[in-house]
Every structure is written in structure tokens, then in C-alpha cells.
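Novice: Sequence plus the predicted model coming up.
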Amino acid sequence: MDTIYALATAQGKAGVAVVRVSGPDAWKSALHLCGRVPAPRRASLCRLTDANDHLIDCALVLVFEKGASFTGEDCVEYHLHGSRAIVAAVLKALADLDDFRLAEPGEFTRRALENGCMDLTEVEGLADLIDAETEAQRRLAVRVFEGALGAKVARWREQLVHAMALLAVTIDFSDEDVPDDVTAEVATLMRSVQEDLQVELTGISAAERVRDGFEVAIIGPPNIGKSTLLNALAGRDAALISDIAGTTRDVIEVRMDLSGLPVTFLDTAGLRDTNDHVETLGIARALKRAEQADIRVFLTDGRVTDHFMPEPDDIVLRGKSDLTGGSAGISGKTGEGVSELLAQITATLQQKASQAGVATQERHRIAMKRANERLEHVLMLVEIGTEQTELLAEDLRQAVSALDALVGKVDVEDLLDSIFKNFCLGK
Ligand SMILES: Nc1nc2c(c(=O)[nH]1)N(C=O)[C@@H](CNc1ccc(C(=O)N[C@@H](CCC(=O)O)C(=O)O)cc1)CN2
Ligand SMILES: Nc1nc2c(ncn2[C@@H]2O[C@H](COP(=O)(O)OP(=O)(O)OP(=O)(O)O)[C@@H](O)[C@H]2O)c(=O)[nH]1
């Protein structure tokens, strides 16, 4: 097994830079660089020297023992003064050691997974935690990272295993002797697991939105003030504004943090019938993105339009309210109604985000659906009064296997590359 190393902090000049080393020979690096192996789990100030005994830096060194480290292996961290030159000198000194090599992205975490320090959902939570840009993303990620999904899966698994144990007792019975109360108890357990699965499955869409961001599309006829409103929301000149109808063609996106929620506002081409080919393409694009958005803000000039059927969360407002007066209007130019609009959007999205459970991605959905299907099948068999309990047991085994895949106990190899390729170097 190689010993791996990498810069764990961001590239470039900084106050402190951390170089991390993990693997069987990690402690040997301390012997080379510090002349000694400092006591484990204590911050020790050390003079780091290169192979020619020239001073590289004075650094804080942290040594971790195998079995009591992030990766589960022997580890050493060098907390250096954060200059490019110091980092380069330390990385070079490490590269010169036998069986040492630069870590691949996510490789420290991969070793933590392989050594059983984390399960797959915790690894995914960690990736999201590092990617988190807003408070809602951080809160969701830290729950998963902490093992909340893993713990739920473990409880479901226990219930399924318990059901399997109940059935195992009946295997020696002849078909007619299988007591009804056993299958009834199995069915009760299945229903309880199914209920939990259902809740988590429902929450995945909301969790995905929190991870990837919500979308709010601003739509309406040309020249109504959509781009001006977008700029007012963004607080900068994101979109071009002119008094020529049909100015915006492509969708313009502005990403914002609304009370911790990641939200992308979309400015779209004004909706109208036109002979202009490019504008027509822009309108088609506007309609498509608006349809996929979580909320549509429709600016009107008071006239009816057949372009738009509002859904419950959509918001309809009269544009250029400074010119027309009255209520239910908004003006990007004067700012009238803008904070109210933001408040309404925030409240709606917070409500949506609150549906998120601890299952956060498509992979979780697929595994939970697979388990759910097997449980459906068990219930169906019990319903029709099956006496072949080995069929029930087989369904349960498959459901357990789906849950095991979810936490990475089985069938993981194929997944790992795609999960770790998005990790930072040094993580
Ligand atoms: N300097 C530094 N800061 C860091 C990390 C790190 O690796 N190094 N982390 C890395 O991502 C995070 C902290 N996570 C960590 C997780 C586990 C262990 C660890 O040593 N675990 C042992 C012992 C546990 C204990 O004593 O309570 C273990 O689990 O066996 C260390 C850091 C954030 N900050
Ligand atoms: N009085 C007033 N004028 C506005 C307001 N919002 C925009 N305008 C003006 O109306 C014209 C069109 O504004 P835009 O923001 O480009 O309108 P749009 O809806 O994005 O237009 P398209 O790109 O054609 O779809 C510009 O001259 C703006 O300065 C407003 O709230 N009040």
C-alpha cells in the first residue's frame, strides 16, 4: 500500500497551508522532515528540514495513529506557513521518499471509506459539505455527513432482518402449518419500513433543490421590465436593458443566496408572437425554462395572455408600478415591491426546502425504490395468503441488498470512481 500525500488546503498564498500524509509509512515522513516522530494527537512545533538538512519551515506537526485518524491509517499533517515555495519544498521532500506518491482527488476519503471509518452516504455528505455555499446546503450536508441517512438505513435493515428471522423459523413447517400471525407480523414490519421509505423518497426532490439550487423564472411580455427587475434583485447590471421590445433573447441567470437558500433567478425573452426567427427560439427557451422553474414571476401589463397558466406558487404582478399605480405591482426601476417579492419567494422556497429529509440524491432514490418494490411484493404475497415463505424471504434479502448498496456495503466499486472524481485534491 502506497503512502499518499497532498496539499489539503486551497492552492495559493495563505496564512497557513496543510499538507496531509496517510499510509503505512506516513510517520517515516516525520522522521525525515522533523528528525523525530512527535507524540500522536498533539500539536508539536517542529523545524522541517530537507534531505540536505536545510531548513524549509517551522511548522506545527500533527501525528495520528492508525485506527485513530480520519483515514484509519497512520497520518501526519504539516501545518506550514502558507507560501507556494514552502508547500512546493515540502511536497518535493515527500515525493523523494520511497513508496510515497501524490494522492488522487478524494483518495484520503476513499481510504476512510475502505477502512470502515465512514459509510458511502457519509462520504456523499462530506462532498456536499465541502461544496456547500449557503446555510441550507450546509445544514443538509452536515446531517448526511454525520450519518443520519446511514442510521435510518440501519434501522430499516434491522426491521427487515427481524422479519427474515421470523420467517426462518417457519421454513421447516409444512406449508399448511405456517402460522398466520407470522406473516401478519412480517407485513406489519414491512408497512412500517415502507412508511419511512415513502417519507424519505418524497423529500429527495426538495433535497436535490437545496443541493443544486432553486430556480425562479421571470416571465412576461416584452418591455415590461423583466431585465430591470432581475438587475434590481441581483443588485448589479446582470442583464442588458433597453426600450426596444425583444431585447432579451437567451436566458440570463443570476445566482443568489436567499436567507441561506441557493436560488437562481432567470430573466427570459419577452413572450409575444413574432416573425423574428431568433426571438422565436428565445421565447421557446423561455417557456421551457419557466416550466421547469420552481416559481414563475409573471409581470403583466394588465392584459390577458394565453401564454401563461399560473400554478399555486407562481406570482403575478403588474410591471412598472411607478407608472400605473395601484396594488399588486412592482417596479425594478424604483424598487417598489421588490423586497415584498423577495419575502414571498423566500417563504415559498423555505416551505419547499423544509420537505427535505436526509436522502439527498438520485442514487439514494434508486436504492430506496428498489427496496420499496421488494416490500410491495412481500405485502402483495401476504395479501394473497401465500404459504411459500421462502418467496417472502427472497424479497427481503433483495430489499436488504438494496439498502446495503445505499450505504456502500455491497456493489460499490462502480460507484466510487464517479463519486470521488468530484472531490478536491487533498480530501
Ligand atoms: N487539521 C485537520 N482539520 C480537520 C480535519 C483534518 O483531517 N485535519 N478534518 C478532516 O476531514 C475535519 C475533522 N475531521 C476529523 C475526523 C476524524 C478524525 C480522527 O482522528 N478520528 C479518529 C479519532 C476520533 C477521536 O479521537 O474522537 C477516529 O475516528 O478513529 C480527525 C478529524 C475538519 N478539520
Ligand atoms: N418607469 C419604469 N420603466 C421601467 C421599469 N422597468 C423597466 N423600465 C423601462 O422599460 C424598458 C424595458 O425594460 P426591460 O427591463 O429591458 O424590459 P424587459 O421586460 O426585460 O424587455 P424584453 O427584453 O424586451 O423582454 C427600459 O427602457 C426600462 O428602462 C419600471 O419599473 N418603471
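Specialist: The structure has been received and is ready for your questions. Ligands and ions are numbered 1, 2, ... in the order given.
Novice: buried stuff in the longest helix anywhere in the chain?
Specialist: Longest helix of the chain, by residue count under DSSP state H: helix 180-212. With burial defined by 16 or more other CB atoms under 10 Å, the residues of helix 180-212 counted as buried are 182-183, 186-187, 189-190, 193-194, 197, 200-201, 203-204, 206-211. All C-beta spots, glycine's among them, are computed from the backbone N, C-alpha and C.
Novice: what about the closest residue to residue 239 other than its chain neighbours, how many residues close to it?
Specialist: Excluding the flanking residues, the one nearest residue 239 by CB to CB, 6 or more residues apart in numbering is residue 227, at 3.9 Å. For residue 227, the neighbour count with other CB atoms under 10 Å is 23.
Novice: quick one: buried residues of the helix or strand hosting residue 290?
Specialist: For residue 290, the host element (DSSP states H and E) is helix 277-292. Across helix 277-292, burial judged by 16+ other CB under 10 Å covers 279, 282-283, 286-287, 289-290.
Novice: Repeat that for stretch 146-166.
Specialist: Applying 16+ other CB under 10 Å to stretch 146-166 flags 147-150, 152-153, 156-157, 159-160, 163-164, 166 as buried.
Novice: Let me have those residues in TSV, adding pLDDT and secondary structure as columns.
Specialist: As requested, the buried residues of stretch 146-166 are exported to TSV (pLDDT from 0 to 100; DSSP: H, G, I helix; E, B strand; the rest coil):
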residue	pLDDT	secondary structure
147	95	coil
148	96	helix
149	96	helix
150	95	helix
152	96	helix
153	96	helix
156	96	helix
157	96	helix
159	95	helix
160	95	helix
163	92	helix
164	92	helix
166	88	helix
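Novice: Check those against ligand 1 and report the nearest one.
Specialist: Distance to ligand 1, by CB to the nearest ligand atom, is smallest for residue 147 among the buried residues of stretch 146-166, at 12.2 Å.
Novice: Look up how far residue 247 lies from the closest one.
Specialist: From residue 147 across to residue 247, the span is 51 Å (CB to CB, to the nearest Å).
Novice: Counting neighbours, what do you get for residue 344?
Specialist: Neighbours of residue 344 (other CB under 10 Å): 16.
Novice: What is the host helix or strand of residue 379 packed up against?
Specialist: Assigned by DSSP H and E, residue 379 falls within helix 362-383. Contacts defined by 3 or more CB pairs under 8 Å, 6 or more residues apart in numbering; DSSP states H and E place helix 362-383 against helix 180-212, helix 389-407.
Novice: Return the mean pLDDT over that helix, rounded to an integer.
Specialist: Here helix 362-383 scores 94 as its mean pLDDT.
Novice: Please apply the same query to stretch 280-294.
Specialist: Mean predicted confidence for stretch 280-294 is 94.
Novice: what's it in contact with?
Specialist: Outside stretch 280-294, the residues within contact range by CB atoms under 8 Å, 6 or more residues apart in numbering are 209, 214-217, 219, 248-251, 266, 268-272, 274, 296, 307, 313, 348-349, 352.
Novice: still on that earlier bit, tell me which strands and helices the helix or strand that the residue nearest to residue 239 is a member of is in contact with?
Specialist: Per DSSP H and E, residue 227 falls inside helix 226-234. Packed against helix 226-234, as judged by 3+ CB pairs under 8 Å, 6+ apart, are the following elements: strand 214-219, strand 252-258, strand 261-267, strand 295-300, helix 338-353.
Novice: which one is residue 44 nearest to, not counting chain neighbours?
Specialist: The shortest distance from residue 44 to any non-neighbouring residue, by CB to CB, 6+ apart, is to residue 38 (3.5 Å).
Novice: quick revisit: ok, which of the helices and strands packed on helix 362-383 comes nearest ligand 1?
Specialist: That would be helix 389-407 among the helices and strands packed on helix 362-383, by CB to the nearest ligand atom, at 17.4 Å.
Novice: Could you list the buried residues of the helix or strand following the closest one?
Specialist: Downstream of helix 389-407, the first helix or strand assigned by DSSP H and E is helix 413-420. The neighbour-count check on helix 413-420 (16+ other CB under 10 Å) flags 416, 419-420 as buried.
Novice: next one: stretch 229-241
Specialist: By neighbour count with 16+ other CB under 10 Å, stretch 229-241 contains the buried residues 229-234, 238-239, 241.
Novice: Also near ligand 2: which of the residues you listed, exactly?
Specialist: residue 241 (CB under 6 Å from any ligand atom).
Novice: from the buried residues of stretch 229-241, which single one is nearest ligand 1?
Specialist: residue 234 (33.4 Å).
Novice: quick one: that closest one from residue 118, how far?
Specialist: Taken as CB to CB, the span from residue 234 to residue 118 is 39 Å.
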